[in-house]
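Undergrad: the following block contains a protein sequence and its predicted model.
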Amino acid sequence: MAENFYTLLTEIGKAKIANASVLGQKINFTRLVVGDSNGQYYEPTESQTKLAHQVWQGQVGNVKIDENNPNWIVIETVIPTDVGGFTIREAGLVDDEENLLVIAKYPQTYKPVATEGTVKDLIVNMIFEVSNTSVITLKIDPTVVLATKKDVDDLKSKCLLKSEKASDSDKLDGLDSSDFARSNHTHTKANITDFAHTHDDRYYTESEVNNLINGKANSNHTHDDRYMPIYKGDGTLANDLGVAQVLRWKNYGQGHVIFDASQGTAPNGVQVDRTNSNQPWTAANCPTLMGFNGGATWGVRVDSSRTADQVQGFPFRNNNGKLEVMIGGEWLSVGTKQYTVIRQGGLKHGQRFDYSGSSGVLRHFLPISSYTKLYIDGLEILGVFNNTEYERCFGLEFKNSISIVHSPRHYETDDTVHYLIQTEK
């Protein structure tokens with residue numbers, strides 16, 4: 001079965017070219033990589049991020065637009081004579097951010113080296129199609145001059161060899177040999193006539209040229225950061241200089257940005273939630289803002305957390321200076337236990353109340369004598385001698401147990417000790 005050979009834009013390549021078109025940026029192809037596909041052909045896919053088995057890499061040579069197909073990008077690179085000893089079955093193009101943007105299934109080609117008895121420069125051509133060629137940086141490598149047979153034939157058809165003399169049969173555009181000077185001749189001032197002449201309105205006069213360039217900057221000049229172009233999310237220039245509507249999100253390269261969602265619109269025009277992103281923030285993937293002074297990073301304060309609506313899905317509110325969270329439809333104070341069981345009663349002389357098994361709080365306690373004892377988690381609370389002292393017991397919390405003992409030694413008329421306790425269980 002005959003093999004089919006083709007070139008693909010990878011998923012990263014498609015995304016980068018699309019984003020470059022939107023944001024007015026350029027794609028810079030820097031390296032050509034070739035491989036031997038581990039000894040056999042395979043079908044490259046758009047999801048690939050590297051070749052199956054790379055055997056060589058080098059700087060990209062010429063990048064140009066095909067003269068017959070304006071949407072075709074042609075890239076030419078020479079593998080030099082002193083490199084070889086491998087077979088090429090796959091090739092790719094890498095950008096200046098080390099991303100594989102283009103991958104190709106390449107016709108099997110062996111690149112020899114001198115020790116094998118033959119040498120050659122191998123020219124690798126890759127052609128791929130894009131919808132907007134203006135986002136690709138075109139370049140010519142001055143150290144590499146490539147001329148096709150068509151280039152040579154076209155040049156030959158327009159020139160005559162110096163050793164030949166044009167005859168009347170070699171007329172060019174209706175001109176005969178008398179209209180051309182010999183290849184070896186000189187001019188003197190006397191031969192030049194018609195110094196005074198005029199141009200039509202297709203040409204500027206000297207005064208018109210001076211007026212056009214008056215007040216303009218020299219070709220070699222610089223701008224400070226007040227004049228740097230600021231682009232909006234749709235790739236158009238922002239109206240007010242110095243106000244960036246998007247920041248680059250470096251974690252994922254070109255096209256990934258941080259933007260202002262207050263209008264409910266993403267940089268590509270899609271409607272989005274103004275307050276909540278599709279994905280929650282995580283330390284591994286999401287952007288983190290920091291300052292940098294050239295040597296160290298600095299913290300950036302956006303705002304204090306004054307109005308946190310929710311934490312992990314639970315609504316919060318400020319209730320007269322007290323933080324509350326809604327659980328099961330009920331607002332509960334944050335940082336306190338949920339004491340829902342009420343235990344209350346009165347003790348006569350010689351009686352006692354004991355509780356254990358969960359935490360709780362003593363809400364009310366009214367002893368009638370200094371012989372009434374209170375025990376919190378096994379510890380006796382001392383120094384209880386009058387009602388003022390007793391009031392200090394209100395709101396006492398216990399972790400596991402509480403005991404109230406009404407001593408039989410009493411002489412008061414009303415000898416009942418009243419108490420009110422709330423517990424978790």
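TA: Cool, the structure landed.
Undergrad: sec struct for Asn210, please.
TA: Per DSSP: H, G, I helix; E, B strand; the rest coil, the local secondary structure of Asn210 is helix.
Undergrad: any idea how far it is from Lys216?
TA: 11 Å (Cβ to Cβ, to the nearest Å). Every residue, glycine included, has its C-beta placed from N, CA and C.
Undergrad: out of these two, which sits in the busier spot?
TA: Asn210 (10 against 7; other Cβ atoms under 10 Å).
Undergrad: wait, what's in contact with that one?
TA: With contact taken as Cβ atoms under 8 Å, 6 or more residues apart in numbering, Asn210 is in contact with no other residue.
Undergrad: now the one helix or strand Val22 maps to: average pLDDT?
TA: Per DSSP states H and E, Val22 falls inside helix 11-23. Helix 11-23 shows a mean pLDDT of 85 in the predicted model.
Undergrad: pull out the buried positions in that helix.
TA: When burial is assessed from 16 or more other Cβ atoms under 10 Å, helix 11-23 yields the following buried residues: Ile12, Gly13, Ala15, Lys16, Ile17, Ala18, Asn19, Ala20, Ser21, Val22, Leu23.
Undergrad: ok, stretch 317-327 next?
TA: Within stretch 317-327, the residues that count as buried by 16+ other Cβ under 10 Å are Glu324, Val325.
Undergrad: can you check what angle separates the lengthiest strand in the chain from helix 11-23?
TA: Identified as the longest strand of the chain according to DSSP state E is strand 100-111. Put simply, strand 100-111 runs at 130 degrees to helix 11-23, going by axes from the mean of the first three to the mean of the last three Cα atoms, to 10 degrees.
Undergrad: Val94: which element?
TA: Val94 belongs to strand 86-95, assigned by DSSP H and E.
Undergrad: hey, which helix or strand in the chain has the poorest pLDDT?
TA: Least confident helix or strand, the chain: helix 387-390 with a mean of 52, by mean pLDDT, DSSP states H and E.
Undergrad: so what touches the very next helix or strand once past that one?
TA: Next along the chain after helix 387-390, taking DSSP H and E as the criterion, comes strand 396-398. Here strand 396-398 makes contact (Cβ under 8 Å, 6+ apart) with Lys337, Ser359, Gly360, Val361, Leu362, Ile376, Asp377, Ile381.
Undergrad: low-confidence ranges, the stretch 151-300 of the chain, go.
TA: Applying pLDDT under 70 to the stretch 151-300 of the chain flags residues 151-185, 187-202, 215, 217-245, 250-255, 283-285.
Undergrad: and the closest residue to Ala52 other than its chain neighbours, how far from Phe128?
TA: Leaving aside its sequence neighbours, Ala52 sits nearest to Ser37 (Cβ to Cβ, 6 or more residues apart in numbering; 5.0 Å). According to Cβ to Cβ, Ser37 and Phe128 sit 19 Å apart.
Undergrad: good, we can wrap up now.
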